[in-house]
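> Have a look at this prediction, sequence included:
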Amino acid sequence: MASNAFGRLFTVTSFGESHGPAIGCVVDGCPPGMNLSAEDIQNDLDRRKPGTSRYVTQRQESDKVEILSGVFEGKTTGTPIALLIRNEDARGRDYGNLVDTFRPGHADYTYWQKYGIRDHRGGGRASARETAVRVAAAAIARKWLAEKHDVVIRGYLSRLGPIEIPFKTWSAVGANPFFAADPDIVPKLEAFMDDLRKSGDSVGAAITTVAEHVPVGLGSPVYAKLDADLAAAMMSINAVKGVEIGAGFGSVTQRGSEHGDELTPEGFLTNHAGGILGGISTGQNIVVTIGIKPTSSVRLPRRSIDKQGNPVIVETNGRHDPCVGIRATPIAEAMLALVLMDHALLHRAQNADVKTSTPKIAGSPKRSSHAKSAAGPTKVNPMPDEA
């Protein structure tokens with residue numbers, strides 16, 4: 001199986017299966033000299049790990065990360081950083097009835113047809129368990145981006161099934177199990193998920209991620225556009241079926257006079273473009289929203305076939321998230337961080353010495369639909385010079 005590496009200068013190569021002994025990754029391209037410890041990574045892993053509430057899978061994993069290489073005396077050396085997370089609560093026996101059948105909505109059928117062999121235990125490589133190492137790798141990227149460019153990457157659940165969740169405050173996101181930015185809507189979400197879990201069914205979700213203080217100039221035309229790479233990265237997350245940048249599909253109904261973000265000497269007036277023009281960052285907030293499909297593993301009887309092509313009925317038991325989107329906010333943040341890190345290094349390699357006399361500006365939209373401030377236009381700091 002090829003294609004398990006992500007990135008060009010900052011690369012992440014992952015390995016492991018859902019119910020194997022461990023999962024892990026090798027991070028290559030991290031600049032040397034940055035302070036790094038397991039504690040720097042663990043916080044993000046704890047936000048993503050299973051078993052944190054009754055609304056998600058009850059698999060119990062501590063997700064403790066081990067740094068095996070690439071760090072000496074507390075600093076990155078510039079050599080590959082190997083990260084390992086051991087699986088502590090794997091229960092492959094729960095999937096014994098799926099050896100010869102294919103679960104609807106899963107990658108069981110496609111993996112079997114492509115490779116002629118598959119790990120039926122929780123989907124193997126197709127399991128969202130693999131995303132834990134992406135979060136771990138992205139913690140390194142987030143730390144570097146924050147230290148070098150003051151980049152802040154955050155996300156929140158913006159829709160749970162039929163319930164649209166308005167943005168009110170970032171402070172609410174970490175205070176509830178849904179990553180909702182509206183504390184008042186949490187009881188409604190809890191009631192909805194309790195009913196859903198009892199029904200044995202599942203539901204989809206939408207997650208919005210925002211990167212603030214992104215330097216202007218990241219991304220390259222024509223085939224390495226920042227938004228194109230972001231879309232590809234987000235689509236690589238399990239269960240993601242749609243990606244929007246800025247206004248996204250909302251731009252279909254907008255007029256050009258509305259969608260085009262006007263510039264003033266003080267900054268941009270709106271951010272319908274989501275912080276990207278021509279595939280290059282504008283210095284405004286990068287705004288990406290993803291749509292996640294309903295969890296394919298449900299307790300309800302579903303029609304399928306076995307390896308011989310005979311019709312069968314599949315009922316999926318075991319531990320599953322009735323909405324995989326509830327735990328996916330740290331994963332979406334991670335992919336945003338990995339793309340920005342890669343592009344920041346690419347920009348530094350080719351364009352670090354580019355200077356223009358035009359001020360670098362940014363602005364916050366007057367009307368907020370994606371967690372942007374209602375404050376007026378502001379200046380943005382240019383890409384800082386590298387020593």
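That came through, no problem.

> Now do stretch 279-295: distance from first to last residue.
32 Å (CA to CA, to the nearest Å).

> Identify each buried residue in it, please.
By 16 or more other CB atoms under 10 Å, the buried positions in stretch 279-295 come out as 279-295. Bear in mind the C-beta positions are built from the backbone N, C-alpha and C, glycine included.

> now stretch 10-23
Phe10, Thr11, Val12, Thr13, Ser14, Gly16, Glu17, Ser18, His19, Gly20, Ile23.

> Nearest residue to the fourth one in space, ignoring adjacent ones along the chain?
Spelled out, it's Thr13. Spatial nearest neighbour of Thr13, chain neighbours left out: Ala5 (4.2 Å); criterion: CB to CB, 6 or more residues apart in numbering.

> what's the distance between the one you found and Asn238?
17 Å (CB to CB, to the nearest Å).

> which one of the two has more residues nearby?
Remark: of Ala5 and Asn238, Asn238 carries more neighbours, 18 against 13, as counted by other CB atoms under 10 Å.

> part of a helix, is the more buried one?
No: under DSSP: H, G, I helix; E, B strand; the rest coil, Asn238 sits outside any helix and is assigned coil.

> which residues does it contact?
Ala126, Ser127, Ala128, Glu130, Thr131, Val324 (CB atoms under 8 Å, 6 or more residues apart in numbering).

> What count of nearby residues applies to the first one?
In this case it means Ala126. When neighbours are counted by other CB under 10 Å, Ala126 comes out with 18.

> tell me the pLDDT at it?
Ala126 is assigned a predicted lDDT (pLDDT) of 81.

> which residues touch Lys355?
Contacts of Lys355 (CB under 8 Å, 6+ apart): none.

> Which secondary structure state does it sit in?
coil.

> distance of it from Gly217?
Counting by CB to CB - Lys355 and Gly217 are separated by 11 Å.

> same deal with Arg197?
In terms of CB to CB, Arg197 sits 47 Å off from Gly217.

> Of these two, which one has the most company?
Gly217 (21 against 16).

> Which element, helix or strand, includes the more buried one?
Here Gly217 sits in a region with no helix or strand, counting by DSSP states H and E.

> Surely it touches Ser281?
Yes: counting by CB atoms under 8 Å, Gly217 does reach Ser281; the two are 6.3 Å apart.

> returning to what we had before: if you rank the contacts of Asn238 by neighbours, which is first?
In terms of neighbours by other CB under 10 Å, the contacts of Asn238 top out with Val324 at 27 neighbours.

> List the residues that contact it.
Ala128, Ala205, Asn238, Ala239, Ile292, Thr295.

> go on, Glu147?
Glu147 neighbours (CB under 8 Å, 6+ apart): Met34.

> Let me know the secondary structure of it.
Once three-state DSSP is applied, Glu147 turns out helix.

> measure it to Ile237 for me?
26 Å.

> go on, Lys148?
Lys148 is 26 Å from Ile237, by CB to CB.

> what does Arg255 give?
Applying CB to CB to Arg255 and Ile237 gives a distance of 33 Å.

> More neighbours: which of those two?
With neighbours defined as other CB under 10 Å, Arg255 and Ile237 compare such that Ile237 has more, 21 against 8.
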